[in-house]
Structure formats: C-alpha cells, structure tokens
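Engineer: pasting a predicted model and its sequence here:
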Amino acid sequence: MWSKGTIDGYDYWVKHYETGSQHGIGGGRISKLVILKERKPLYSYDRGLDFYNLDKPGKAVYSQILAQYN
C-alpha cells in the first residue's frame, strides 16, 4: 500500500505492507520511502538505501514515519 503525507514541511511517499520483509527498512514493513523538502529529495530507500541526506529535523520526521509505518 502507498501512503503519502507531509510532516513539518517534509513531504514523503512510503510503500508499506502488513508484515515485515528482508527488503524492508530494518526488516520492517516499509519497502520504499522517499522524503523531500521543498521538492528536493533528502532520503530514498527502495528495497535498500539509495541515499541519506537528512538534517536534524528531517531525522525526526524519518523517526515519525518509521514509528507509524514500519
């Protein structure tokens, strides 16, 4: 299932499942995640980490997304 949203000015798209997977973040339910700020990609995970360039507030958003979907 795809979900999208905005937290504190960071937009995100996340693909998540009901159960965890070896392809999920930390073996969890998220298999794809993109986090953007002002249309600039700061984080991308597509069955493996593509890049990670989050600032401190972005890391807090990342943690919230993991708590909700992973």
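Structural biologist: Yes, it's here.
Engineer: buried set for the helix or strand hosting residue 33?
Structural biologist: Using DSSP states H and E, the secondary-structure element containing residue 33 is strand 30-37. Neighbour counts over strand 30-37 (16 or more other C-beta atoms under 10 Å) mark 30-37 as buried. Heads up, the C-betas are built off the backbone N, CA and C, glycines and all.
Engineer: same deal with stretch 6-25?
Structural biologist: For stretch 6-25, a neighbour-count test (16+ other C-beta under 10 Å) marks 7, 10-12, 14-16, 20, 24-25 as buried.
Engineer: is the nearest residue to residue 14 once chain neighbours are set aside in a bridge, and if so with what?
Structural biologist: Leaving out its chain neighbours, the residue that sits closest to residue 14 by C-beta to C-beta, 6 or more residues apart in numbering is residue 33, at 4.8 Å. Taking DSSP bridges as the rule, residue 33 bridges to residue 14, residue 45.
Engineer: returning to that earlier point: closest one to residue 42 out of the buried residues of stretch 6-25, please.
Structural biologist: Set against residue 42, the nearest of the buried residues of stretch 6-25 by C-beta to C-beta is residue 10 (7.7 Å).
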